[in-house]
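Student: Predicted model and sequence follow; I will ask about them next.
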Amino acid sequence: EMKFLFVCFIIAIFIIQTNADVGEDEPMSWLSVKSQEDSDGSIRYFISDEHGREVHFRGANLEGEQREISPDPVRPIDPTLFEGKCPINVAAYPEPLICEVDAGKGKYNQSTQYLSMNDFAQMRALGFNGLRLCLSWSLLEPTPGTYSEVYLRRIEQIVGWAAEQGLYVLLDMHEDLYSRYIVGDTEHQKAPWLTASDGQDGAPQWAVKTDGWPALAIMGIGNLNLAMMKAFDNFYSNAVIDGILQGDAPGPGLQDHYIGGMAAIARRFVNNPAVMGYEIMNEPQPGTHLDFLRFGKKYLYPFYRRAIQALTGVRDGMRDCNLADSNDRDDCAYPDLGVHDKHMFLVEPNSVRNLLDFTPQISEPVSEYPNIVYAPHVYTHCFTIDQVLHLPDWIHYPPSFDFAYASAKEEAKAMKTAMFVTEFGNSPYDDMKLMKNTLESQDKFRTSGFVWSWKNNCYGNCDFNGSWSMFSPTPFNGPLEQGDQNGPLYEGRAKLLQRIYPRAVAGNLIDYLFDPDTGSFVLHANCSQLQPAQSIDPSVQTWIFIPSVVPYESLLLSGPAELIDTQTFPDNNKILRVSVTPQCGSGGADSVYSIKIGPAKAVQEIEYKLKMHKYEARKLKESYQRIQQHMLDAYDSSQHLDDHEFHPHPPTPKPSGEKTDHDLATAMFGLYRAVHTMVVRAGTLLSQNSSLPFLHSL
């Protein structure tokens with residue numbers, strides 16, 4: 001009898017394994033932005049698949065661009081050099097080359113060992129279902145008006161590799177400090193006020209127009225690099241550079257060339273659902289437009305709207321612009337470039353958000369185009385102002401890890417967009433202090449996230465603290481040294497990121513949370529708005545991903561839900577499929593179902609955390625709204641028309657009960673005044689040097 005039971009057990013395991021790939025061969029779903037009433041009565045926007053289910057993503061950022069490290073050999077981009085092999089890794093590359101040496105062999109037929117050079121198979125094995133591919137304008141348009149066919153085919157190659165592994169790709173037009181061709185001006189340094197400072201990546205050399213402003217950073221702060229600031233000013237004004245050919249660009253200005261590059265990419269992927277969407281610009285700097293509230297409304301978001309209009313054909317009720325006139329932009333729609341893309345477009349706020357964990361902006365819809373996603377970055381206690389200014393611990397700012405997500409939620413709601421955190425990260429040394437907490441906040445605020453970053457190179461003075469990647473870097477002793485693509489996986493980091501999470505949710509997702517310490521998970525959803533359907537219909541199915549490293553020992557379903565099956569795949573990752581039953585009520589408790597995984601005590605602790613979160617989230621929302629109002633009072637944007645004539649006044653005092661928020665607003669006002677004073681001082685110093693054509697209007 002025991003032998004018989006053992007044989008039956010082995011057969012059952014075999015059946016589960018061999019039937020595990022249900023859905024593996026299904027085509028990737030088109031993604032879009034939908035809305036529904038949230039549990040608090042407000043309208044919430046979310047990313048949806050073709051079946052109307054809310055979908056969530058976990059993944060990483062992959063860089064594929066050049067940076068400022070010197071000497072900097074040219075990175076290979078010819079896709080033929082990557083067919084079945086991986087070009088040698090060189091220390092001077094800021095990150096190793098993106099490779100998939102076993103591409104074409106099938107989803108589960110590629111090695112995932114750390115030295116396998118199969119980036120996307122490794123991602124899939126870790127439980128990731130998406131990635132952000134960082135692209136470079138300088139590689140896309142190395143000469144004006146000519147978009148590189150080789151680079152476009154390289155992007156196609158990478159997207160194809162990812163799709164083979166079931167990974168969605170976000171195509172990110174990446175820049176940091178505008179361009180690597182902004183080179184620090186060591187000749188005119190005036191320490192400590194002004195120090196030589198380089199740009200990093202983004203614009204090609206011909207697109208860097210600084211009007212003679214030197215590459216000097218105020219107080220050594222790279223974000224206050226004067227040449228970079230002026231280069232951004234010229235980009236936002238769509239400046240036309242003398243002697244630069246228009247070529248295949250739709251117009252003569254800098255934005256025209258940039259939008260033309262995005263169109264060249266979109267034409268390659270217009271019918272490809274493996275592309276999640278396009279992130280229009282990474283961490284946009286405001287230039288010299290220090291009135292942050294008006295910067296978004298007047299400069300940044302109109303640029304985003306033009307790109308969306310050009311690629312989708314949406315007009316937003318406007319006449320078409322005359323591209324022959326580079327200044328005809330404010331009250332017209334960018335001409336339809338004939339792409340008619342239906343992908344999502346991700347828009348980032350002013351990069352100053354990384355300092356504050358909220359965005360000083362007027363949040364309102366960008367365009368009538370429905371598939372827009374708000375994409376803030378969250379680096380709480382990494383790049384926030386407490387770290388930049390070395391504030392004492394008693395100041396307690398940011399107030400919590402949740403604050404960045406609470407403020408982003410409100411900003412996205414006002415903009416009528418979904419939300420997606422496309423960057424977060426820290427040193428592996430700080431994972432338990434920082435990453436663990438921000439991942440919990442992502443769960444509680446029901447948002448997807450991509451960690452920064454996937455793999456890095458490291459040489460010279462670099463140690464573990466210098467690499468924020470998933471894998472330890474190969475140790476190099478010199479910039480031209482060659483070596484492996486990466487070292488072993490950071491196991492502690494992997495434990496935090498290999499999470500149970502909902503890949504698709506039927507109905508209205510109320511909340512969910514995973515505890516990496518106990519491997520426990522809880523999800524609640526409301527199914528009252530679902531149309532009754534058979535359990536085989538994906539629209540009534542919720543799919544929960546369970547990574548191979550998390551023990552799956554107990555499951556409790558409550559409410560109108562029943563288990564379909566648990567699929568175990570060849571990499572030992574699992575998908576738990578739950579169906580909403582036709583008995584789902586039209587409202588109330590009968591409409592809520594829950595999925596609970598893990599020991600009863602651990603599940604109870606998660607339930608308590610979720611209940612407390614509702615209370616804490618309301619307080620954070622109120623705090624954010626008061627801060628925004630104080631900022632409006634401080635800036636009083638309606639009282640001036642020109643940024644260079646901007647004269648803010650201190651915020652109006654508020655009742656003592658709002659002391660914390662009022663103090664914060666006052667601090668932000670003081671920070672603005674300090675920055676403004678430094679910029680004026682820089683202008684004064686530089687104006688004394690007749691060899692530098694520096695504008696006094698700063």
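Tutor: Ah, there it is.
Student: the strands in the stretch 101-250 of the chain, which residues?
Tutor: 130-136, 168-174, 194-196, 216-218 (DSSP state E, counting those that start in this stretch).
Student: what's the neighbour count on residue 101?
Tutor: Residue 101 sits with 18 neighbouring residues when counted by other Cβ atoms under 10 Å. Every residue, glycine included, has its C-beta placed from N, CA and C.
Student: Give me the phi and psi for the residue nearest to the spatial centre of the chain.
Tutor: The centroid of the chain falls nearest to residue 422 when counting by Cα atoms, centre = their mean (1.3 Å). Backbone torsions of residue 422, given as degrees, to the nearest 10, read phi -90, psi -10.
Student: Contacts only, for it.
Tutor: Residue 422 makes contact with 61, 132, 170, 172, 279, 346, 348, 375, 377, 449, 450 under the criterion Cβ atoms under 8 Å, 6 or more residues apart in numbering.
Student: Hmm, residue 172 and the fifth one touching each other?
Tutor: It refers to residue 279. Yes. Between residue 279 and residue 172 there is a contact at 4.1 Å, judged by Cβ atoms under 8 Å.
Student: returning to what we had before: and of the strands of the stretch 101-250 of the chain, who's closest to residue 533?
Tutor: strand 168-174 (25.1 Å; Cβ to Cβ).
Student: Centre of the chain to the closest one, how far?
Tutor: 9 Å (Cα atoms, centre = their mean, to the nearest Å).
Student: What of stretch 184-198?
Tutor: On Cα atoms, centre = their mean, the centre of stretch 184-198 falls 32 Å from the chain's centre.
Student: residues of it that come out buried?
Tutor: 184, 185, 188, 189, 193, 194, 195, 196, 197, 198 (16 or more other Cβ atoms under 10 Å).
Student: which regions of the stretch 51-200 of the chain lie under the pLDDT threshold?
Tutor: 65-73 (pLDDT under 70).
Student: pretty sure residue 309 contacts residue 336?
Tutor: Yes. Here residue 309 reaches residue 336: they are 7.3 Å apart, a contact under Cβ under 8 Å.
Student: Now the common contact residues for the two.
Tutor: residue 315.
Student: if we can go back for a sec, mind listing what the closest residue to the residue nearest to the centre of the chain other than its chain neighbours touches?
Tutor: Nearest non-adjacent residue to residue 422, counting by Cβ to Cβ, 6 or more residues apart in numbering: residue 375, 4.6 Å away. Shown in contact with residue 375 (Cβ under 8 Å, 6+ apart): 279, 346, 347, 348, 419, 420, 421, 422.
Student: now the residues you listed in TSV, with secondary structure, pLDDT and distance to residue 534?
Tutor: Formatted as TSV, these follow (DSSP: H, G, I helix; E, B strand; the rest coil; pLDDT from 0 to 100; distance: Cβ to Cβ, whole Å):
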residue	secondary structure	pLDDT	distance to residue 534
279	strand	98	38
346	strand	98	35
347	strand	98	39
348	coil	98	41
419	strand	98	32
420	strand	98	32
421	strand	98	36
422	strand	98	37
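Student: May I see those residues organised as CSV, with distance to residue 500 added?
Tutor: Converted to CSV, those look like this (distance: Cβ to Cβ, whole Å):
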residue, distance to residue 500
279, 27
346, 25
347, 30
348, 29
419, 21
420, 19
421, 19
422, 22
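Student: Between strand 168-174 and the helix or strand harbouring residue 257, find me the angle.
Tutor: Using DSSP states H and E, residue 257 sits within helix 254-269. Interaxial angle, helix 254-269 versus strand 168-174 (axes from the mean of the first three to the mean of the last three Cα atoms, to 10 degrees): 160 degrees.
Student: returning to what we had before: name the residues contacting each of residue 279 and residue 172.
Tutor: Residues touching both residue 279 and residue 172 (Cβ under 8 Å, 6+ apart): 132, 346, 422.
Student: so what's residue 438 up against?
Tutor: 378, 380, 401, 404, 424.
Student: if you set the cut-off to 7 Å instead, what comes out?
Tutor: 378, 380, 401, 424 (Cβ atoms under 7 Å, 6 or more residues apart in numbering).
Student: Please work out the average pLDDT along the helix or strand encompassing it.
Tutor: Assigned by DSSP H and E, residue 438 falls within helix 436-444. For helix 436-444, mean pLDDT rounds to 98.
Student: after that helix comes which helix or strand?
Tutor: Counting by DSSP H and E, what follows helix 436-444 is strand 448-451.
Student: now for that following strand, which elements pack on it?
Tutor: strand 58-63, strand 130-136, strand 418-424 (3 or more Cβ pairs under 7 Å, 6 or more residues apart in numbering; DSSP states H and E).
Student: Next, the residues that contact that strand from outside, please.
Tutor: 56-61, 130-132, 420-425, 442, 497.
Student: just to revisit the earlier point, show the buried residues in the contacts of residue 375.
Tutor: Looks like those have 279, 346, 347, 348, 419, 420, 421, 422 buried, using 16+ other Cβ under 10 Å.
Student: quick check, nearest of the residues you listed to residue 325?
Tutor: Looking across the buried ones among the contacts of residue 375 and measuring by Cβ to Cβ, the closest to residue 325 is residue 347, at 25.6 Å.
Student: Would you format the contacts of residue 438 as CSV with distance to residue 508, pLDDT and secondary structure included?
Tutor: Below are the contacts of residue 438 laid out as CSV (distance: Cβ to Cβ, whole Å; pLDDT from 0 to 100; DSSP: H, G, I helix; E, B strand; the rest coil):
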residue, distance to residue 508, pLDDT, secondary structure
378, 25, 98, strand
380, 28, 97, coil
401, 25, 97, helix
424, 26, 98, strand
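Student: Just say helix, strand or coil for the closest residue in space to residue 361 that isn't next to it in sequence.
Tutor: Closest residue in space to residue 361, ignoring its immediate chain neighbours: residue 296 at 3.9 Å, by Cβ to Cβ, 6+ apart. Following DSSP: H, G, I helix; E, B strand; the rest coil, we place residue 296 in the helix state.
Student: Retrieve the pLDDT associated with residue 296.
Tutor: With respect to pLDDT, residue 296 has a value of 93.
Student: just the helices in the stretch 201-350 of the chain please.
Tutor: Taking DSSP state H, counting those that start in this stretch as the criterion, the stretch 201-350 of the chain carries its helices at 226-236, 254-269, 292-295, 301-312.
Student: list the contacts for residue 494?
Tutor: Contacts of residue 494 by Cβ under 7 Å, 6+ apart are 126, 470.
Student: Which strand or helix spans it?
Tutor: helix 491-497.
Student: quick one on the thing from earlier: what is the neighbour count of the residue nearest to residue 361?
Tutor: 24.
Student: Ok, residue 148 next?
Tutor: 18.
Student: Spatially nearest residue to residue 97 (excluding sequence neighbours)?
Tutor: Using Cβ to Cβ, 6+ apart, the nearest residue to residue 97 is residue 87, at 5.6 Å.
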